[in-house]
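J.: Okay, sequence plus prediction incoming.
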Amino acid sequence: SQQGEEDPQALSIQEGENATMNCSYKTSINNLQWYRQNSGRGLVHLILIRSNEREKHSGRLRVTLDTSKKSSSLLITASRAADTASYFCATSPQGGSEKLVFGKGTKLTVNP
Amino acid sequence: EAGVAQSPRYKIIEKRQSVAFWCNPISGHATLYWYQQILGQGPKLLIQFQNNGVVDDSQLPKDRFSAERLKGVDSTLKIQPAKLEDSAVYLCASSPTLLATGELFFGEGSRLTVL
């Protein structure tokens, strides 16, 4: 079953603009991760934020986590055409087996 | 460092035929996963191995899907007989530790088309 739900499903912006994607989930988590998938390729890990963290930065990426609202956001600043890809949030639910559950993803298109 | 290797990259079969996918994880990674990704959706976990033992196979359709990880290294996922709805990309991933601490490393995937 899908734990995370990304919003929006698709996003189209111009190069240089910022892109914000949101993720909501249902159960308590150990951590939340964001992955990128270029068309026809495998997934690449971007950033991991633990349940006791509220914000994390990595280069042009900024991730926030609000465990009270069970939501996270991924901000890509100063976007480039090369950022065109699908972005997935994935959660590691507390309790049960140590597995990662992915959402349906946001398809980002950055126009040059 | 070599990444996760998968083969074949593409496979087209008729329904009711069988198919097998192979995965070689990153050297030293104890945990191996098979995910199914249907077009337009996120990956869905089929099976998770810790070394050569199964940790989670709750979403594996066991009447037609099987997987093994002999000697705790590479793994094979088999579908027999295939159905139209099995058309998807089969992604293999590995991690050096339990998920609570780290990321997954994915292969490029094996795209299956069932006609």
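T.: Perfect, I can see it now. Numbering: from 1, shown residues only, chains lettered A, B, ... in the order given.

J.: Retrieve the pLDDT associated with the closest residue to residue A:55 other than its chain neighbours.
T.: Distance criterion C-beta to C-beta, 6 or more residues apart in numbering or on different chains; nearest residue to residue A:55, sequence neighbours excluded, is residue A:64 at 5.0 Å. Every C-beta, even on glycine, is put in place using the N, C-alpha and C of the backbone. According to the prediction, residue A:64 has pLDDT 98.

J.: Off-centre distance for the helix or strand of chain A with the lowest mean pLDDT?
T.: Here the helix or strand of chain A ranked lowest by mean pLDDT, DSSP states H and E is strand A:5-7, holding a mean of 83. In terms of C-alpha atoms, centre = their mean, to the nearest Å, the centre of strand A:5-7 is set 9 Å apart from its chain centre.

J.: Ok, stretch A:73-82 next?
T.: 11 Å.

J.: in it, what counts as buried?
T.: For stretch A:73-82, the buried set under the neighbour-count rule, 16 or more other C-beta atoms under 10 Å in any protein chain shown, comprises A:73-74, A:76, A:79.

J.: JSON lines please, covering those and showing secondary structure, distance to chain B and pLDDT.
T.: Shown next, in JSON lines, are the buried residues of stretch A:73-82 (DSSP: H, G, I helix; E, B strand; the rest coil; distance: C-beta to the nearest C-beta, whole Å; pLDDT from 0 to 100):
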{"residue": "A:73", "secondary structure": "strand", "distance to chain B": "17", "pLDDT": "97"}
{"residue": "A:74", "secondary structure": "strand", "distance to chain B": "15", "pLDDT": "97"}
{"residue": "A:76", "secondary structure": "strand", "distance to chain B": "18", "pLDDT": "98"}
{"residue": "A:79", "secondary structure": "coil", "distance to chain B": "22", "pLDDT": "97"}
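
J.: what pairs with the residue nearest to residue A:55 across the strands?
T.: Counting by DSSP bridges, residue A:64 forms beta bridges with residue A:55, residue A:73.
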